[in-house]
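A.B. asks: Following is a predicted model, sequence given first.
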Amino acid sequence: MPEEPIDELERHRAELYVRLAETGDFRPGSVNETWRRCGKPNCACAQPDHPGHGPRYLWTRSAGGKTRSRQLAAAELDKVRREIANYRQFVAVTEQIMQVNEAICEARPAAGTQAPPGPGAGGRKRHPRGLNVKLRPRTQGDFPGVPRRWPRRRGCPS
């Protein structure tokens, strides 16, 4: 795939920023239509062929690691659906902006250097400090001069 010039990438990024500004109000989540039975034995919903009471519309989203739901009034159903569609557009445009920015960063040479090497050029990846060691989790014995927290028990290997 031929690489685009930086000017073309920056123009594309500017177009994406315009699309992002046009997103409007948005919110994450989804809208679900539910039907439920009330549990009263004499109600029509207790019949086997009856779908139940409803429809009831729930807006569901994840917030703080928990699932949150709120029942929507019929008047706000279309508004919430538009906002969820705007959120999906926001996420898609943001992903595209990130990809274009990464391409710009890769295409733009660092100050005082030449253009970056093409794909496949260069050697193997190295440790940032030039070390060629296998990293392992640290243990209490890795810190000389620091007393151990717990006394050793007899029969324990450490």
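C.D. replies: Everything's here; your move.
A.B. asks: rest of the way, CA atoms for contacts and neighbours
C.D. replies: Noted.
A.B. asks: By residue count, which helix of this protein is the longest?
C.D. replies: helix 77-107 (DSSP state H).
A.B. asks: So E4 lies in a strand, does it not?
C.D. replies: No - inclusion of E4 in a strand is not indicated when DSSP: H, G, I helix; E, B strand; the rest coil is applied; the result is coil.
A.B. asks: Tell me who's in contact with it.
C.D. replies: Residues near E4 by CA atoms under 8 Å, 6 or more residues apart in numbering: none.
A.B. asks: Distance check, I84 against A110.
C.D. replies: 40 Å (CA to CA, to the nearest Å).
A.B. asks: what about these two, which has more around it?
C.D. replies: Summary of the neighbour comparison: I84 and A110, criterion other CA atoms under 10 Å, with I84 having more neighbours (20 against 11).
A.B. asks: Next one: the more buried one, what pLDDT does it get?
C.D. replies: In this model, I84 is scored at 96, pLDDT.
A.B. asks: Does it touch R27 like I think?
C.D. replies: Yes - I84 is within contact range of R27, at 5.3 Å (criterion: CA atoms under 8 Å).
A.B. asks: Rounded mean pLDDT for stretch 98-110, please.
C.D. replies: The model assigns stretch 98-110 a mean pLDDT of 89.
A.B. asks: What residues sit buried inside stretch 37-47?
C.D. replies: Along stretch 37-47, these residues count as buried under the neighbour rule (16 or more other CA atoms under 10 Å): C45.
A.B. asks: ok, the spatially closest residue to N86 that is not a sequence neighbour to I104 distance?
C.D. replies: Once flanking residues are discounted, N86 sits nearest to F26: 5.1 Å by CA to CA, 6 or more residues apart in numbering. Going from F26 to I104 by CA to CA gives 28 Å.
A.B. asks: longest single strand anywhere in this structure?
C.D. replies: With DSSP state E setting the assignment, residue counts place strand 53-63 as the longest strand in the chain.
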